[in-house]
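Colleague: I need the structure of the sequence given here:
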Amino acid sequence: MKKNLRYLSYITVIIIFLIFNFIIINSLREDKPVKVKMKPKIVLISHVYSNPYWQYVKEGAERAAKERNAIVEFQGPDSASIDEGIKLINMAYAAKVSGIIVYAQDEKRYTPVINKVVEGNIPLITIDSDAENSKRLAYVGTDNVASGMAGAKELIKQVGKEGRIAIIMGGKNAKNQIERVNGFKDYINKNSKLTIETIESSDSYLLEAELAAKKILINNSDVKAIFCTSALDGVGAAKAIEKLNMKGKVKIICFDDLQETLEYIKKGVITSTIVQKPELMGYKAVNIIMDIIEGKETKGIFFTDVFVIGKDNVNQYKKEQGEHISEVQ
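Modeller: The predicted structure is shown next:
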């Protein structure tokens, strides 16, 4: 009997020892970290952060990001600054984001930093203004040469094939602005006897556009029309025409569908505008860069359409657009 009790005691001690060790080992064991799949982060760098045109682009980008389970961070210089734009690209690169979408303000100066990013295995595509000689993986936006030609065709329709005209462009080094001017000039030269008196730059600022228009109108009293290549240029030119009491004397053919642009068309101050699809640009850009991130071969040029809005169709267009028409801020 004593022998059995002693045996049971040994067994009990061993069991207690094993249980104690099991508890100690489990309490000391480090839990394996739970892997959480992070959403891809895409940085979208605009021309000028506060420019209302870019709110369209932002809306499209955010819509695509939601569908693709990604995050879009919208950035841009406070003013049209090439240095600041390059700085933002470098910051995104240093942060090792998943992808970068960028408006190239100056192809020559942007190319080295674009190449660095792509060589560092971060996908980068351009939007609205291209840097085609860089290593960027794709471009999304308007065919700017063709849109410049569309503007020239509309201008000839409004003023005929003879006389003097002028141009106000946005950033004088931005490729999209240069291409629009070149497309416009090429069509004018081949299809009319119109003379381009001067080309002024606004750097895509409303006040600068107004001042440029005043300069043109005061120094060239016989100008029949002004072609404006960026979103705020048409509004600035319209303000100048109103202040100089020249409504109906000078035609304005401009770009984009800012609320004030459309109101000036209704009033007869702006003749017509070439409307782009910036919301679609943002939407396509995010989808393209997500395809690249996911390993799909997606390279090349992806153009979005343009169309003309004038007094005959502005009301219908506004009705169709509703609250998506941006406002000048």
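Colleague: could you point out which element follows the least confident helix or strand in the chain by mean pLDDT?
Modeller: Lowest on mean pLDDT, DSSP states H and E among the helices and strands of the chain sits helix 2-28, with a mean of 57. Remark: after helix 2-28, the chain's next helix or strand is strand 41-45, criterion DSSP states H and E.
Colleague: quick one: the helices in this structure?
Modeller: Remark: helices assigned in the chain by DSSP state H are 2-28, 53-68, 82-94, 107-119, 144-159, 175-191, 206-219, 231-243, 259-267, 278-293, 314-321.
Colleague: Surely D186 touches M149?
Modeller: Yes: the pair D186 / M149 is scored as a contact, 7.0 Å apart, by Cβ atoms under 8 Å. Placement of C-beta: from N, CA and C, glycine included.
Colleague: So for those two, which residue has more residues nearby?
Modeller: Higher neighbour count among D186 and M149: M149, with 21 against 14, using other Cβ atoms under 10 Å.
Colleague: what's the more buried one in contact with, if anything?
Modeller: 183-184, 186-187 (Cβ atoms under 8 Å, 6 or more residues apart in numbering).
Colleague: Please put the alpha-carbon coordinates of stretch 114-125 into PDB.
Modeller: Taking C-alpha atoms only, stretch 114-125 is exported to PDB below (Å, rounded to 0.1, in the frame of the first residue of the first chain):
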ATOM      1  CA  ILE A 114      11.400  60.900 -63.000                       C
ATOM      2  CA  ASN A 115      14.200  58.600 -64.200                       C
ATOM      3  CA  LYS A 116      15.600  58.300 -60.600                       C
ATOM      4  CA  VAL A 117      12.200  57.200 -59.300                       C
ATOM      5  CA  VAL A 118      11.500  54.600 -62.000                       C
ATOM      6  CA  GLU A 119      15.100  53.300 -61.700                       C
ATOM      7  CA  GLY A 120      14.400  53.000 -58.000                       C
ATOM      8  CA  ASN A 121      11.500  50.600 -58.800                       C
ATOM      9  CA  ILE A 122       8.700  53.000 -57.900                       C
ATOM     10  CA  PRO A 123       6.100  53.200 -60.700                       C
ATOM     11  CA  LEU A 124       5.600  56.700 -62.000                       C
ATOM     12  CA  ILE A 125       3.300  58.000 -64.700                       C
END
